[in-house]
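Novice: after the sequence you'll find the predicted model.
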Amino acid sequence: MTHIRSIGSHPAAASLWAATASDAPPVAPLTQSAHADVVIVGAGFTGLSTALHLAEAGVNTCVLDAHAPAWGASGRNGGQVNPTLKYDPNELRRMFGAKADALIQTVSTSADLVFSLIDRHHIDCDAVRAGWIQASYHDKGVPALHRRAEQWQRLNIPVSCLDRDEILKRTGSNMFAGGWLDHRAGKLHPLSYARGLLRAALSNGAQVHGNSPVTQLQRQDGKWVATVAAGATVKADQVVLATNGYTDALWPGLARTVLSANSFIAATRPLGTAADHILAKGETLSTAERLMIYLSKDRDGRLLMGGRGQFRDPKDRSDFLHLERSLELLYPQLAPFEIEYRWSGRIAITRDFLPHIHQPEPGLTMALGYNGRGIAMSTSMGQQLAKLLCDRSGRDDFPFPITPIQPIPMHGLQRFYIAAGLAWYSLLDRLSKR
């Protein structure tokens, strides 16, 4: 049985996570106008984490989402909890000088925050903290990965360099030449985790409304007013826009600051003992090549393979063949694989591969652009946004740079950008292996 039949209209319905998640707390649409201190647009990881941390601080918070909470990529990603950015400490210091230290600390502890929230709120989401492997297929790429590890080691962060033998033992594949292991990282069931954050936010007094698309955002008499499609409104002192890869035209120019790219995932049927040697300790894996793929196992022994796909939403099995072929190349002894689930979700990619935070008007904050590192970074972002909104003294201690809204030039060609980028990076990877 293949779970792809409804992926065009509702990708979450086709996913492994939707089929195996914990029950969702009931949240009703907004039908009556309300007041709040803070209104949050978007009930993914960023919105739910912000709401939880605000509610714990006693702030009256209301979250509005066009669909069910975690309907977007928060409920459809690969489940990897990686406390990294594209850039390592040395690069961040060159970019931001002395201000980089707070950012490095926030990034480095982002996985700690995820797993502490899971423990504190008793979130049942199959959490395993056994580390993340970044691997290279060829010898030329290994020294760069070892240099990444060495930067973090100098900060007393628990990471390890892996040679060809060590990475074979951990991954069960002889396709890799080496890499590094970040022991801070882990994995979880992303939809169950999001629903756990939702449950915790609700229990602390936050209001959350699904199926309540915000159609207008405006200032009236010193307040922000968010109007949903049904006509009800929420008046608030502060607004947070947390829509990431599903950002629309609600605020002028914001959607054009990111490329909204699809991440495709395929999951096999449970493989039983035949796959015991693959990521045997519960690690996750991604490749360092430009055209990245990522891999993990779920609690039932399914292999999950993810990677970038076409800009459009997938239509049929053929859109996932590149993932299935990758699995067969990595583990030919187990081929052919029977794929049980196929699904996708949209991530937001920024030009500089950093999260973007904007405050274009007083009381209005926007956060988006996690570049495929959403679980750890957006959870941490929610905590930091809550601190920022509660701090009346200013934003000097906020670890992320706050920047103006700068749309990507010729953003209307993003379909072309993504298609051309996939082809170009695939070519570069092939050439670099010669």
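Specialist: That came through fine.

Novice: could you measure the residue located most distally from the centre of the chain against F400, distance?
Specialist: Relative to the centre of the chain, the most outlying C-alpha is that of D221, 36.4 Å out, by C-alpha atoms, centre = their mean. As judged by C-beta to C-beta, to the nearest Å, D221 and F400 stand 31 Å apart. For every residue, glycine as well, the C-beta is placed using N, CA and C.

Novice: what about this protein, any weak spots by pLDDT?
Specialist: For the chain, the stretches with pLDDT under 70 are 1-13, 290-291, 309-312, 392-395, 410-434.

Novice: what sits against H277?
Specialist: G172 (C-beta atoms under 8 Å, 6 or more residues apart in numbering).

Novice: surely it is within a helix?
Specialist: No: counting by DSSP: H, G, I helix; E, B strand; the rest coil, H277 is not part of a helix but coil.

Novice: quick check on it: phi, psi?
Specialist: phi -80, psi -10 (degrees, to the nearest 10).

Novice: quick one, domains of this structure?
Specialist: Domain segmentation of the chain under automatic domain parsing yields 11-18+26-77+191-259+351-416, 115-188+260-347.

Novice: so how far is the first one off the chain centroid?
Specialist: The chain centroid and the centroid of domain 11-18+26-77+191-259+351-416 are separated by 14 Å under C-alpha atoms, centre = their mean, to the nearest Å.

Novice: go on, the shortest one?
Specialist: Going by C-alpha atoms, centre = their mean, the spacing between the C-alpha centre of domain 115-188+260-347 and its chain's C-alpha centre is 15 Å.

Novice: three-state assignment of Q216?
Specialist: Per three-state DSSP, Q216 ends up strand.

Novice: that one against A226, yeah?
Specialist: Yes: if you go by C-beta atoms under 8 Å, Q216 and A226 touch, sitting 7.5 Å apart.

Novice: looking at the two, which one has more neighbours?
Specialist: Just comparing Q216 and A226: by other C-beta atoms under 10 Å the higher neighbour count belongs to A226, 26 against 11.

Novice: looking at this, the more buried one is in a strand?
Specialist: Yes: using three-state DSSP, the assignment for A226 is a strand.

Novice: wait, what's in contact with it?
Specialist: Going by C-beta under 8 Å, 6+ apart, A226 touches 39, 41, 64, 214, 216-217, 233-234, 236, 239.

Novice: make it 10 Å
Specialist: 30, 34, 36, 39-41, 62, 64, 212, 214-218, 232-236, 239, 241, 250 (C-beta atoms under 10 Å, 6 or more residues apart in numbering).

Novice: could you do A34 as well?
Specialist: Counting by C-beta under 10 Å, 6+ apart, A34 has contacts 60, 62, 207, 209, 226, 232-236.

Novice: nearest residue to P29 other than its sequence neighbours?
Specialist: Nearest residue to P29, sequence neighbours excluded (C-beta to C-beta, 6 or more residues apart in numbering): N211, at 4.5 Å.
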